[in-house]
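Peer 1: take a look and give me a structure for this.
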Amino acid sequence: MQPDTQISPITRRRWLVASGLGFAGLSFGRPALAETAPAASITGGRAKSTILFFLCGGASHLDMWDLKPQAPLEYRGPFQPISTSAPGVTLCEHLPLLAQQAHHLALLNSVGATVNTNDHHAGYYHNLTGHVPDPSFVILGNNRTPMPDDWPYLGTVAASRRPQHPVLPNAITLPHMPSRKPYTRPGQFAARLGVEHDPLYLQGSVEEPLKFTAPALELLPGNETSRLSRRYDLLTAIDDARHEFDAVAAARVWNRQQERALRLLSSSRTTQAFDVTQEPASIRERYGHTVNGMSLLLARRLVEAEVPFITVFWLGHGIGSPLAKKCKSAGSWDTHGNNFKCLQDDLLPEFDRAFSALLEDLAQRGLLDETLVMVTSEMGRKPRIGDPRSGGNYGAGRDHWTHCLTDVLAGGGVRGGQTYGSSDRFAEYPAEKPLTPADVAKTVYHAMGITNLEAQDSQGRPYQLLAEGQAVTDLF
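Peer 2: So this is what the prediction gives:
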């Protein structure tokens, strides 16, 4: 047999990795338990795509969106609210660029996402799936990594309800997969929906913000696309001789993975869509030369490429970095120490520039009305200043707080320039018009015109992917 017709080294593992499943599909995925709804089930809703910007670590709701200037000093901190382009809507004084875009924003200040562990893993799961974490989160703590029968990430649910993109996956996540292995956060995968719906993960870095790679799509040396096609033909011939094998559900998933991988690997549009260097220097400058700014710019490019769901997980500077030491954290929004200096000097300026640029860019291109943009986090921060783990009052940090946070929506038919609901006087708990992560997830589905959330288990029995919650239709 000639080298070009050998199946090796395009192994089953390699095909699965090339499909974009990466760690998720290989380590804990399993064949699909749900058949996706047909495109005909999608009615209404303006959003053709959604960009979800997740502020990893737990962003301080009362220092960004829901300031309490009348609260005692030990709660409110030094930041002041400022007026914005939307009458009656105020933001933190350290978000001046975003204040000019507030007429696009809807602030949901009454999201109560209480979880029984008050930690990151459960916070991710609750806010990304809409489902209350099960008791295993209490039992396992940080060892509660993703499981095959977890509820699926709302982004993978939405993507599964859209017609398949001709080239790219329907769900793409960048610039990293939170968090450091082995502590991968639950809630960001398709799980029981089926590994073929897992996002394609693009990798970025703080050091090289213009460079995004898809390690799952890298060919082995010497495997150009023409040779890959010939090997695929051989694999197809072999599969044709296994009719009884094709009847197995796992084999059907395997065939879809092959087709998906070949489509991605053989299309020049794949790498072009991921190349932010094609953007004018002035555009890149507006977003800011950081990995998070460039990730949002890439998200806009993927909206233009008609990818249904794009997730951007904020990438921090990492454990041991100067920012991590300053904030007593892993270098993201987990501000256990120096909450106000970390926000004022580092986190808020980068966020302000990048996120305001995204809204401005989408609006100027006529894309905002058909693109839902959402900002959320796994939790808010504790209203009373002083985390015992970082010096108490002297350390000026804020501890975890899953009992209340603010979600932000824009575009996709959402009426901008409004604040929905409120928290109590200390921003500790929701007060008026309380919401849950299930309500927020249902609102995302509503914006995308997705009404059918029925799936089937392995026995063909129907069940609802999210039975709880109601869409907040008053926002539209």
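Peer 1: every contact and neighbour count from this point should use C-alpha atoms.
Peer 2: Will do.
Peer 1: in the stretch 351-476 of the chain, which spans are helices?
Peer 2: Using DSSP state H, counting those that start in this stretch, the helices of the stretch 351-476 of the chain run over residues 392-395, 437-447.
Peer 1: dump those helices into TSV; add mean pLDDT and distance to Ala71 as well.
Peer 2: Output for these, formatted as TSV (pLDDT from 0 to 100; distance: least, C-alpha to C-alpha, whole Å):
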stretch	mean pLDDT	distance to Ala71
helix 392-395	90	17
helix 437-447	98	26
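Peer 1: most packed of the ones you listed?
Peer 2: helix 437-447 (a mean of 24; mean count of other C-alpha atoms under 10 Å).
Peer 1: helix or strand: which one has the most centrally placed residue in the chain?
Peer 2: Centroid check for the chain by C-alpha atoms, centre = their mean gives Thr311 as the closest residue, at 3.4 Å. Thr311 belongs to strand 309-313 when assigned by DSSP states H and E.
Peer 1: chain center to that strand: distance?
Peer 2: Centroid displacement of strand 309-313 relative to its chain, using C-alpha atoms, centre = their mean, to the nearest Å, is 4 Å.
Peer 1: that strand - contacts with which helices or strands?
Peer 2: Applying 3 or more C-alpha pairs under 8 Å, 6 or more residues apart in numbering; DSSP states H and E, we find strand 309-313 packed against strand 49-54, helix 154-160, strand 171-174, helix 291-304.
Peer 1: again, 6 Å this time
Peer 2: strand 49-54, strand 171-174 (3 or more C-alpha pairs under 6 Å, 6 or more residues apart in numbering; DSSP states H and E).
Peer 1: for the residue nearest to Asp334 when sequence neighbours are not counted, give me the pLDDT.
Peer 2: Distances taken as C-alpha to C-alpha, 6 or more residues apart in numbering put Gly57 closest to Asp334, at 4.2 Å, once the chain neighbours are dropped. On pLDDT, Gly57 comes in at 96.
Peer 1: the chain should start at 817 in everything you say after this.
Peer 2: Done: numbering now begins at 817, and the last item shifts to Gly873.
Peer 1: helix/strand/coil for Gly873?
Peer 2: Three-state assignment for Gly873 (DSSP: H, G, I helix; E, B strand; the rest coil): coil.
Peer 1: if we can go back for a sec, the residue nearest to the centre of the chain and Thr989 touch, don't they?
Peer 2: Yes: if you go by C-alpha atoms under 6 Å, Thr1127 and Thr989 touch, sitting 4.6 Å apart.
Peer 1: count the residues that sit near Pro994.
Peer 2: Neighbour count for Pro994, taken as other C-alpha atoms under 10 Å: 18.
Peer 1: how near is it to Cys1158?
Peer 2: To Cys1158, Pro994 is 21 Å away according to C-alpha to C-alpha, to the nearest Å.
Peer 1: check Arg1277 too.
Peer 2: Taken as C-alpha to C-alpha, the span from Arg1277 to Cys1158 is 50 Å.
Peer 1: the two - which one has more neighbours?
Peer 2: A side-by-side neighbour count of Arg1277 and Cys1158, using other C-alpha under 10 Å, places Cys1158 first with 22 against 10.
Peer 1: how far away is the more buried one from His877?
Peer 2: Distance from Cys1158 to His877, by C-alpha to C-alpha: 14 Å.
Peer 1: check Gly1196 too.
Peer 2: From Gly1196 across to His877, the span is 5 Å (C-alpha to C-alpha).
Peer 1: which one's more surrounded, these two?
Peer 2: Gly1196 (31 against 23).
Peer 1: on that earlier part again, mind listing what the strand holding Thr1127 pairs with, with the direction of each?
Peer 2: strand 865-870 (parallel), strand 987-990 (parallel) (DSSP bridges).
Peer 1: what's next to the shortest one, contact-wise?
Peer 2: Yep, that's strand 987-990 we're talking about. The contact list for strand 987-990 (C-alpha atoms under 6 Å, 6 or more residues apart in numbering) reads Ala975, Pro1015, Leu1016, Tyr1017, Leu1018, Phe1125, Ile1126, Thr1127, Val1128.
Peer 1: just the C-alphas of it, formatted as PDB.
Peer 2: The C-alpha coordinates for strand 987-990 follow below in PDB (Å, rounded to 0.1, in the frame of the first residue of the first chain):
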ATOM      1  CA  ALA A 987     -20.400  27.600  18.300                       C
ATOM      2  CA  ILE A 988     -17.000  29.000  18.700                       C
ATOM      3  CA  THR A 989     -15.300  29.900  22.000                       C
ATOM      4  CA  LEU A 990     -12.100  32.000  22.500                       C
END
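Peer 1: roughly how far out does it sit from the chain middle?
Peer 2: For strand 987-990, the distance from its own C-alpha centre to the chain's C-alpha centre is 7 Å (C-alpha atoms, centre = their mean).
Peer 1: just the first one next, same as before
Peer 2: Average the C-alpha atoms of strand 865-870, do the same for its chain, and the two points are 6 Å apart (C-alpha atoms, centre = their mean).
Peer 1: what's the angle between that strand and helix 1107-1120?
Peer 2: 160 degrees (axes from the mean of the first three to the mean of the last three C-alpha atoms, to 10 degrees).
Peer 1: tell me which residues in strand 865-870 are buried?
Peer 2: Ser865, Thr866, Ile867, Leu868, Phe869, Phe870 (16 or more other C-alpha atoms under 10 Å).
Peer 1: which ones are touching the last one?
Peer 2: So that's Phe870. Contact analysis of Phe870 by C-alpha under 6 Å, 6+ apart lists Phe1129, Val1191, Thr1192, Ser1193.
Peer 1: do the fifth one as well
Peer 2: Applying C-alpha under 6 Å, 6+ apart, we find Phe869 in contact with Val1128, Met1190, Val1191.
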